[in-house]
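Student: sequence and predicted structure below; questions after.
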Amino acid sequence: MRRLFLALLLLPCALPADTFPSQERGFQAEKAFHVGDFDTVNLFNGNLVLTIPIGGSYPVSSGLSYGLTLVYNSNVWDFQEDDTNVYTQALPNRRSNAGLGWRLSLGELLEPLDPQNDNGLWVYVGADGAEHVFYDKLHENDPALGGRYTRDGSYLRFRSPNTSQRVVEFP
């Protein structure tokens, strides 16, 4: 009985913040992709991402501009288990705000207690639908730093200078 207990302790456990690789949305820079003019295909899970610019680009300064982009993601389903773990239900992606699989956004920051946030940590959802989870350490064994960082290769940083301001910094 003791050996069984020890064996169960040594089994790796999945973190709730991690998205299963075949269910990832958006463009992750560290993955293999086939990139075209308007389309990108994730070579691991076959996920198709179409990007269509809406309107023009608006300059903010000499090095920064913004513009709306309509993004289609072929990974259109969210999978949810019932409370008894008897069955898994497929629901349309809750972040598709412009039709099934389509998203129009500049990006979105989800608070830990937001009902759309499944993992209880700060999450930035990019315009392409990719979710970037912020941790208090850049790597698991690093000391805590003065901010929160993503570990998915995007190297985003989240700061909260005061109670009313939230800042997501891009590299």
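Tutor: In hand now; what should we look at? Numbering: from 1, shown residues only.

Student: mind listing the helices for the chain?
Tutor: 2-10 (DSSP state H).

Student: for stretch 66-80, measure first residue to last.
Tutor: End-to-end span of stretch 66-80 (C-alpha to C-alpha, to the nearest Å): 35 Å.

Student: so how far is it from its chain's centroid?
Tutor: 11 Å (C-alpha atoms, centre = their mean, to the nearest Å).

Student: average pLDDT for that stretch, rounded please.
Tutor: Taken as a whole, stretch 66-80 has an average pLDDT of 87.

Student: so which bits of that stretch are buried?
Tutor: 69, 70, 71, 72, 73, 75, 76, 78 (16 or more other C-beta atoms under 10 Å). Yep, even glycine has a C-beta here, placed from its N, CA and C like the rest.

Student: want to try CSV for those, with distance to residue 48 as columns?
Tutor: Putting the buried residues of stretch 66-80 into CSV (distance: C-beta to C-beta, whole Å) gives the following:
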residue, distance to residue 48
69, 16
70, 14
71, 11
72, 8
73, 8
75, 9
76, 11
78, 17
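
Student: so which of those are in strands?
Tutor: 69, 70, 71, 72, 73, 78 (DSSP state E).

Student: for the fifth one, list the residues it contacts.
Tutor: Pointing back at residue 73 there. The contact partners of residue 73, by C-beta atoms under 8 Å, 6 or more residues apart in numbering, come to 25, 26, 47, 48, 49, 93, 96, 101, 103, 128, 129.

Student: neighbour count says what about these? Which are buried?
Tutor: By 16+ other C-beta under 10 Å, the contacts of residue 73 give 25, 26, 47, 49, 93, 96, 101, 103, 128, 129 as buried.

Student: and of those, the nearest to residue 116?
Tutor: residue 93 (10.8 Å; C-beta to C-beta).

Student: hang on, isn't that closest one packed against residue 79?
Tutor: No: between residue 93 and residue 79 there is no contact under C-beta atoms under 8 Å: 10.4 Å.

Student: can you pull the contacts of the closest residue in space to residue 156 that isn't next to it in sequence?
Tutor: Excluding the flanking residues, the one nearest residue 156 by C-beta to C-beta, 6 or more residues apart in numbering is residue 150, at 4.5 Å. Contacts for residue 150 (C-beta under 8 Å, 6+ apart) come out as 124, 132, 133, 134, 135, 156, 157.
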